[in-house]
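> Need a 3D model of the following:
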Amino acid sequence: MLHLAGTGLVVKLVLCILVFFSVVSWAIIFFKLLQVYRANSESERFLDFFWKTKRFDGINSQLDRFTNSPLTVLFSEGYGELKRLVEKGDQKEELDVMSTELGGIENIARALRRATTSEITRLEKYVTFLATTGSTTPFIGLFGTVWGIMTAFKGIGETGSASLAVVAPGISEALIATAIGLVAAIPAVMAYNHFQYKIKVLIATMDNFSTEFLNIVQRTVTKK
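Numbers count the residues shown, from 1 in each chain. Reported below is the predicted structural model:
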């Protein structure tokens, strides 16, 4: 069994850095797994509820049932902007003019885009740390490897012997640093790719929802 007590200060520092990256990465992985799972599942439930419910005010009153879905944020922003446009007009005819000529629909579209950008930022939060871990920890481990080999050669020079007892401690330090670097990097890279795919799916869902929401508003306006 390897004992780290005899390792050099530099290798201990390298190992501490690698352990820090690994622990934080796993914490992010578990957090994002829960967040993305809830966002996907509640978005599916919200879409079913959205298409089954005929009135926007009825949907708005039930948004607290889908608090983890990014679509509820989009709906809330779009519906809030729509209500502000309606409240500006004293008559229904004024809503038609405002929506078609004064950019009322475009105001709703901007509100939806802002909400989408905000939700994308929230979903991508901390994911970049996984990319950083995956790209840097192998090199940090490589530094520990090189330092361990240097320690081994230094031992050979000081003792004048190339026996296993002299070389082994430095080589073991090198192997420990390499192994922990890979242990930190591989899960981080796999998780990063997984979350990037899941977030892209959610982004596509948000874009589609925004388009459908605007289509419903436009059809409603043109009927009046």
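> quick one: the longest helix along the chain to chain centroid distance?
Counting by DSSP state H, the longest helix found in the chain is helix 164-223. Remark: helix 164-223 is offset 7 Å from the chain centroid, using Cα atoms, centre = their mean, to the nearest Å.
> My read is that residue 214 contacts residue 110, right?
No: if you go by Cβ atoms under 8 Å, residue 214 and residue 110 don't touch, sitting 11.0 Å apart. Every C-beta, even on glycine, is put in place using the N, C-alpha and C of the backbone.
> So which of these two has more stuff around it?
Neighbour totals were compared for residue 214 and residue 110, and residue 214 leads with 16 against 13 (other Cβ atoms under 10 Å).
> Low-confidence ranges, this structure, go.
1-7, 88-103, 155-170, 173, 221-224 (pLDDT under 70).
> Report the central residue of it.
Residue closest to the average C-alpha location in the chain (Cα atoms, centre = their mean): residue 124, at 2.9 Å.
> With adjacent residues omitted, what lies nearest to that one?
Using Cβ to Cβ, 6 or more residues apart in numbering and skipping residues adjacent in sequence, the residue nearest residue 124 is residue 199, 6.2 Å away.
> Relative to residue 193, how far out is the one you found?
Using Cβ to Cβ, to the nearest Å, residue 199 is found at 11 Å from residue 193.
> show me what contacts residue 186?
When contacts are counted by Cβ atoms under 8 Å, 6 or more residues apart in numbering, residue 186 touches residue 134.
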